[in-house]
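Engineer: My questions are about this predicted structure, shown below with the sequence.
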Amino acid sequence: MHPTKRFICAFAVGLGILPADPVRAETSWTSAIEAVQEKSDKLYSYAIDIGSGHPGSALQGYGHDRHICAITGRMLGFRNEILEAETLDEPPLSPDVDPMEIMIHAVTLDAWVAAARRAIELTENQKKSLWNLECVGKHGIPRTAGIDDPELKGDFSINGNTLVVYGDIDSGFSDRFRDALESHPNVVQVALGSAGGSVYDALLAGVEIRDRGLDTTLHGPCFSACPLVFMGGVKRTIWMGPGPHLGFHRVYNSSGETPLSDAVYMDITNYLLRMDINPAAVLGWMIKAGQYEIHEPPLDELCPPKVATWVQRICY
């Protein structure tokens, strides 16, 4: 029994809901979501009827990372680059089909719906940042598909009492970060997702967080200078789920990697000591990866040096 290959957005195109023209498609995402949700619900009921159990939390969000990249890429016009990310194996509805295969496919479609709902709420800046941070080089998307936009800066948004920071830590980031906090005095937590950027802007932002008594968590992958901001939190929480990653590498500038004897490493050390974090562990992780690499420590290594204070199911 061989599953058929389907393109999930092509499924909506075929129904006449999501036009092939990417400009016209922008107005049709709501209809596409309704159609895919309807199909997911039918497959879910069919799977139960033929003997599948309920999936529980084990499959929650299954395929979300891939779907958000496929959808965002389509919105940004990367039609060819997302072909692999859009392709799904669809099990046939035959008498000998495994009920769990149908259930998994239903859950996958449900994750597509959640990803699409998230994507249509993103600003253009957020879409580009997500594409660069979470999609390029993954799910069959080539690294050459990255968006090189000098105007692309870290984006700030409010979710309840959390300031969500997503995108590059550019020069001047710390000033804009402070202004965002001043404009939202009820913020108690900062959620981060960033490929990094300016070390000194990250250090200043981290100090601002600690001085205000704020907590930190992750909104997505947090690489390069981003963990320095994360470590400014009073409580530093990592939940399991899409993108719970901290990634480190050596400091570099336009001339290449900065020598380990450079004053920037002493400044990082002093910052970490101020935050009551073991600098030996952090600097060790940084040294392990060159400027074009990322070292992601196992999650159980984050609590002993106090880089994180709580990691779901790992350390408390």
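Structural biologist: Ah, there it is. Residues are numbered from 1 along each chain as shown.

Engineer: residue ranges of the helices in the stretch 101-250 of the chain, please?
Structural biologist: Using DSSP state H, counting those that start in this stretch, the helices assigned to the stretch 101-250 of the chain run over residues 124-130, 173-183, 199-211, 226-230.

Engineer: what about whichever strand or helix holds residue 285, distance to the chain center?
Structural biologist: Residue 285 belongs to helix 279-287 when assigned by DSSP states H and E. Per C-alpha atoms, centre = their mean, to the nearest Å, the displacement of helix 279-287 from the mean C-alpha position of its chain is 24 Å.

Engineer: ok, and what's touching it?
Structural biologist: Residues outside helix 279-287 that contact it (C-beta atoms under 8 Å, 6 or more residues apart in numbering): 227, 231, 248-251, 260, 265, 268-269, 272-273, 295, 297, 301, 304-305, 307. For every residue, glycine as well, the C-beta is placed using N, CA and C.

Engineer: hmm, which of those residues are the buried ones?
Structural biologist: Buried residues within the contacts of helix 279-287, defined by neighbour count using 16 or more other C-beta atoms under 10 Å: 227, 231, 248-251, 265, 268, 272, 295, 297, 301, 305, 307.

Engineer: May I see those residues organised as TSV, with distance to residue 85 added?
Structural biologist: TSV is the format used below for the buried ones among the contacts of helix 279-287 (distance: C-beta to C-beta, whole Å):
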residue	distance to residue 85
227	27
231	33
248	27
249	26
250	31
251	33
265	38
268	36
272	38
295	26
297	28
301	31
305	36
307	32
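
Engineer: Roughly how far does residue 118 sit from residue 75?
Structural biologist: As defined by C-beta to C-beta, to the nearest Å, residue 118 lies at a distance of 12 Å from residue 75.

Engineer: These two: who's more crowded?
Structural biologist: Here residue 118 and residue 75 are set side by side on neighbour count (other C-beta atoms under 10 Å), and the busier one is residue 75, at 19 against 16.

Engineer: give me the element the more buried one is part of.
Structural biologist: Secondary-structure element containing residue 75, defined by DSSP H and E: helix 64-76.

Engineer: Could you list the buried residues of the next helix or strand after that helix?
Structural biologist: Heading C-terminal from helix 64-76, the first helix or strand you meet, by DSSP H and E, is helix 83-86. Neighbour-count burial for helix 83-86, with 16+ other C-beta under 10 Å as criterion, is recorded at 85, 86.

Engineer: Please enumerate residues in contact with stretch 112-119?
Structural biologist: Contact partners of stretch 112-119, identified using C-beta under 8 Å, 6+ apart, comprise 8, 29, 32-33, 36-37, 40, 61, 63-64, 67-68, 71-72, 75, 127.

Engineer: in this protein, which residue is closest to the centre?
Structural biologist: Central residue check for the chain by C-alpha atoms, centre = their mean: the C-alpha nearest the mean position is that of residue 220, 3.2 Å away.

Engineer: per-residue confidence for that residue?
Structural biologist: pLDDT, residue 220: 88.

Engineer: Equivalent analysis for residue 50, please.
Structural biologist: Residue 50 carries a pLDDT value of 90.

Engineer: cool, residue 20 as well?
Structural biologist: Reading off the confidence values, residue 20 has pLDDT 48.

Engineer: Pull out the buried residues from stretch 152-171.
Structural biologist: Counting neighbours by 16+ other C-beta under 10 Å, stretch 152-171 gives 152-157, 162-170 as buried.

Engineer: Longest strand in the chain, please.
Structural biologist: Residue-count comparison of every strand in the chain, with assignments taken from DSSP state E, identifies strand 215-223 as the longest.

Engineer: gap between that strand and the chain center?
Structural biologist: Strand 215-223 has its average C-alpha position 9 Å from the chain's average C-alpha position, going by C-alpha atoms, centre = their mean.

Engineer: Show me what that strand packs onto, helices and strands only.
Structural biologist: In terms of contacts (3 or more C-beta pairs under 8 Å, 6 or more residues apart in numbering; DSSP states H and E), strand 215-223 is packed against strand 162-166, strand 189-194, helix 226-230, strand 237-238, strand 246-247.

Engineer: out of those, nearest to residue 92?
Structural biologist: Of all these, the one in closest proximity to residue 92, counting by C-beta to C-beta, is strand 189-194 (38.3 Å).

Engineer: For the closest one, which strands pair with it and how are they oriented?
Structural biologist: Counting by DSSP bridges, the strands paired with strand 189-194 are strand 162-166 (parallel), strand 215-223 (parallel).

Engineer: right, so of those, which gets closest to residue 102?
Structural biologist: Taking C-beta to C-beta, strand 215-223 is the member of the strands paired with strand 189-194 nearest to residue 102, at 31.0 Å.

Engineer: ok, and what's touching the closest one?
Structural biologist: Residues lying outside strand 215-223 but in contact with it, judged by C-beta under 8 Å, 6+ apart, are 130, 133-134, 162, 164-166, 188-196, 209, 229-239, 242-249, 294.

Engineer: could you redo the last one with a cut-off of 7 Å?
Structural biologist: Taking C-beta atoms under 7 Å, 6 or more residues apart in numbering as the criterion, the residues outside strand 215-223 that touch it are 133-134, 164, 166, 188-196, 209, 230, 232-239, 243-247, 294.
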